[in-house]
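S.K.: Provide a 3D model corresponding to the input given below.
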Amino acid sequence: MLKSGAILWLALLACAAAQQEKKPEPSPGQPQVRLNYLNVCTPSADDQAEIKAAFAKVVAKPAFSRDYEISRGRATLENEPESRFVRLRRDFAADSPLLTAQYSLSVDAQNTLETLVLRMRDPKQFHEVALEDRVSTGAVQPSSLLGIQTPISHIQLERFTKGSIVLARCPNADQSAYEPLFRQATDIMSQYRAALGLRSAAFRSDINWLNTEQAAKKPHPAASKPETK
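M.R.: Residues are numbered from 1 along each chain as shown. As a prediction, the model looks like this:
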């Protein structure tokens, strides 16, 4: 009888310890952490439709105001190669559904990255759409990208009330169904390169700065020594 009572007592102690180790439920005042996973390789039909709708709003002939801003510089991030960039921001005309267009061209030791971000004036459906393409640094001069139909490799749609929608190139996935979206994004990038006046004199000097900086990074061949007789 004593042995049975001791076993029952130990079982009660184990149960009490387990209840003490149980993590308390978060109180109503504490924020809950939620993780959203993006299917960037094969977005759903609904996500594709939203990307198409966003493209329909930005393909119209851009009409800019006289306001613009050009900047250039270097960026250093921890565990990332140093990069050099040139950025151009232009404001759309007051009657345009778009608010601003920002174009960026950056170069690091591995890649030359071209980005176009278009922001909406009324962000009820979406806030901005970003298009991105990249080539290996050294394959072409940065200024040469302005005249090349470089395929877009990354499309991102930012929304205020919902999660982002992303479509990215994935070499190991069958993305034949998404080629029309990639082609349309590439056409939009080409259209805005021309509309932003990236080849004009106002922007050419900054692009040439990237060319000069890239050339300075390349090792010069050692001078050959004269043969000794």
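S.K.: after the biggest strand by length in the chain comes which helix or strand?
M.R.: For the chain, the strand that runs over the most residues, judged by DSSP state E, is strand 64-75. Downstream of strand 64-75, the next assigned helix or strand under DSSP states H and E is strand 83-92.
S.K.: partner strands of that following strand, parallel or antiparallel?
M.R.: strand 64-75 (antiparallel), strand 98-107 (antiparallel) (DSSP bridges).
S.K.: could I get that strand in PDB with only the CA atoms?
M.R.: What follows is strand 83-92, C-alpha atoms only, in PDB (Å, rounded to 0.1, in the frame of the first residue of the first chain):
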ATOM      1  CA  SER A  83      29.200  48.700 -54.900                       C
ATOM      2  CA  ARG A  84      29.000  51.900 -56.800                       C
ATOM      3  CA  PHE A  85      25.700  53.300 -58.000                       C
ATOM      4  CA  VAL A  86      24.000  56.000 -60.000                       C
ATOM      5  CA  ARG A  87      20.300  56.900 -59.300                       C
ATOM      6  CA  LEU A  88      17.800  59.000 -61.100                       C
ATOM      7  CA  ARG A  89      14.500  60.000 -59.700                       C
ATOM      8  CA  ARG A  90      11.800  61.800 -61.700                       C
ATOM      9  CA  ASP A  91       8.300  63.000 -60.700                       C
ATOM     10  CA  PHE A  92       5.400  62.400 -62.900                       C
END
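S.K.: pLDDT averaged over the longest strand of the chain - what is it?
M.R.: Strand 64-75 carries an average pLDDT of 90.
S.K.: who's in contact with it?
M.R.: 82-94, 101, 106, 195-196, 202-203, 206, 209-210 (Cβ atoms under 8 Å, 6 or more residues apart in numbering). For the C-beta atoms, the positions are set from N, CA and C on the backbone; glycine is no exception.
S.K.: The same query, at a cut-off of 10 Å, please.
M.R.: Defining contact as Cβ atoms under 10 Å, 6 or more residues apart in numbering, one finds that strand 64-75 is touched by 81-94, 96, 98, 100-106, 108, 195-197, 202-203, 205-207, 209-210, 213.
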